[in-house]
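Student: Here is a sequence with its predicted model. Questions after.
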Amino acid sequence: MAQDSDSLLPKLSLEKIALINQSDSYITFPTDIGNIEPLIFEANINPSFVIRKRKDSKLIAILTPQIIIRMYNEDSYPIRTPSYIPQISAFYLLNNKSVLEYSVLFGRLAHHSNGQDGAFYLEDGSINLESGNFSTNFIELGFIQTDYSNRLKAIKTLKSSIEIHPKYWMQDELQGLYSGLRWNNAFTSFKFPLNKPKIQDRAKFSLKAETIFMLDNYNDLKMFDLDRLNAKLTFYYHPKFFEDIGFFMQLYHGMDYYNIYFQHQISVIRFGIMTEILRF
């Protein structure tokens, strides 16, 4: 009977858990609400290349050449200083108590730069946003726990990690201005239809809540200053009439994550489309 019950549940694997916890590939509509500069779009290009020995491997790696691009709603519609974040991540299956209850350890090595080589500061002492060099490297170590709620018909994942930017991996101008020690948390839930006797292979709604708390001493901020907190809440809708894309609404508050714009504090509501995260 337990096997029959399990056959009705959506299926998870180490690969799917790893892909859920990668950054989404998306493009936004030109309808951002908030204090961000007027944009035609923001796009996150983040394909995932899975490296593994076989499907049931307990250890897999994912290579992602992530690029974030913003096109500004200005003359000539410029695209300034894209964020290049190539990274390699490793995921190890620590425990698998049931078909949907996994414990996973992961580590990530990444680079973040804007591909520019100009001076970091302008003559007036302000940061050179158009051609100033921005570059840092970091490691991230953490765990992922997954579970399933029969009552809510939802897959849940919880991720927590520490992100470290060693000083000798960060350009000199960033030291003291850019946080090099961060506590990252993310909660994701995929909601399946309640009125189906057998759960379908695709979630109809999903939600992701993410927080980043800066732990080190930078910008002379007090320990519990709200500027240390980045928070993001994303709602996804996966319509049946599209096979490979979905729609999302996102609320974000915190440090601007677009490379050299990091000293800007932004609050924004945005809408857009994303690639289908995965099928269960």
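Tutor: Now that the structure is in, tell me what you want to look at. Numbering: from 1, shown residues only.
Student: alpha carbons only for contacts and neighbour counts from here, please
Tutor: Noted.
Student: mind listing the helices for the stretch 1-150 of the chain?
Tutor: Under the criterion DSSP state H, counting those that start in this stretch, the stretch 1-150 of the chain carries helices at the ranges 2-7, 14-20.
Student: mean pLDDT for the ones you listed: which is lowest?
Tutor: Lowest mean pLDDT of the helices of the stretch 1-150 of the chain: helix 2-7, a mean of 52.
Student: Quick check: Phe187 touching Asp147?
Tutor: No - between Phe187 and Asp147 there is no contact under Cα atoms under 8 Å: 11.4 Å.
Student: Find residues that contact each of those two.
Tutor: Residues touching both Phe187 and Asp147 (Cα atoms under 8 Å, 6 or more residues apart in numbering) are 156-157.
Student: Could I get the full set of strands for the stretch 101-250 of the chain?
Tutor: In the stretch 101-250 of the chain, the strands defined using DSSP state E, counting those that start in this stretch lie at 101-113, 135-149, 154-164, 181-191, 205-214, 229-237, 245-255.
Student: Turn these into a markdown table, columns for mean pLDDT.
Tutor: Shown next, in a markdown table, are these (pLDDT from 0 to 100):
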| stretch | mean pLDDT |
| --- | --- |
| strand 101-113 | 97 |
| strand 135-149 | 95 |
| strand 154-164 | 95 |
| strand 181-191 | 93 |
| strand 205-214 | 94 |
| strand 229-237 | 95 |
| strand 245-255 | 94 |
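Student: Mind putting those strands into TSV with mean neighbour count and distance to Lys53?
Tutor: Output for the strands of the stretch 101-250 of the chain, formatted as TSV (neighbours: other Cα atoms under 10 Å; distance: least, Cα to Cα, whole Å):
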stretch	mean neighbour count	distance to Lys53
strand 101-113	19	17
strand 135-149	19	21
strand 154-164	20	25
strand 181-191	19	28
strand 205-214	19	30
strand 229-237	18	32
strand 245-255	19	29
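Student: now those as JSON lines including distance to Asp75?
Tutor: Compiled in JSON lines, these are given as follows (distance: least, Cα to Cα, whole Å):
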{"stretch": "strand 101-113", "distance to Asp75": "25"}
{"stretch": "strand 135-149", "distance to Asp75": "28"}
{"stretch": "strand 154-164", "distance to Asp75": "38"}
{"stretch": "strand 181-191", "distance to Asp75": "37"}
{"stretch": "strand 205-214", "distance to Asp75": "34"}
{"stretch": "strand 229-237", "distance to Asp75": "30"}
{"stretch": "strand 245-255", "distance to Asp75": "26"}
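Student: Tyr84 is nearest to which of those?
Tutor: strand 101-113 (5.4 Å; Cα to Cα).
Student: which helices and strands sit right next to the closest one?
Tutor: Applying 3 or more Cα pairs under 8 Å, 6 or more residues apart in numbering; DSSP states H and E, we find strand 101-113 packed against strand 83-98, strand 135-149.
Student: now Thr136, which residues is it bridged with?
Tutor: His112, Met170 (DSSP bridges).
Student: Send me stretch 180-195 as CSV with only the CA atoms.
Tutor: C-alpha atoms of stretch 180-195 as CSV (Å, rounded to 0.1, in the frame of the first residue of the first chain):
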residue,chain,number,x,y,z
GLY,A,180,32.3,39.6,2.2
LEU,A,181,30.3,37.3,4.7
ARG,A,182,26.7,36.5,4.1
TRP,A,183,24.0,34.2,5.5
ASN,A,184,21.7,33.0,2.7
ASN,A,185,18.3,31.3,3.2
ALA,A,186,15.7,30.2,0.7
PHE,A,187,12.3,28.5,1.0
THR,A,188,10.6,27.0,-2.1
SER,A,189,7.2,25.4,-2.4
PHE,A,190,5.6,23.8,-5.5
LYS,A,191,1.8,23.6,-5.2
PHE,A,192,0.0,20.8,-7.0
PRO,A,193,-3.8,20.6,-7.8
LEU,A,194,-5.8,19.5,-4.8
ASN,A,195,-8.8,18.1,-6.7
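Student: ok so, going back, identify whichever of the strands of the stretch 101-250 of the chain lies nearest to Val268.
Tutor: The nearest among the strands of the stretch 101-250 of the chain, by Cα to Cα, is strand 245-255 at 5.4 Å.
Student: ok, residues contacting the closest one?
Tutor: 227-239, 262-276.
Student: from memory Phe91 sits against Arg52, does it?
Tutor: No - applying Cα under 8 Å, one finds Phe91 not in contact with Arg52, separated by 10.3 Å.
Student: got any residues that touch both of those two?
Tutor: 59-61.
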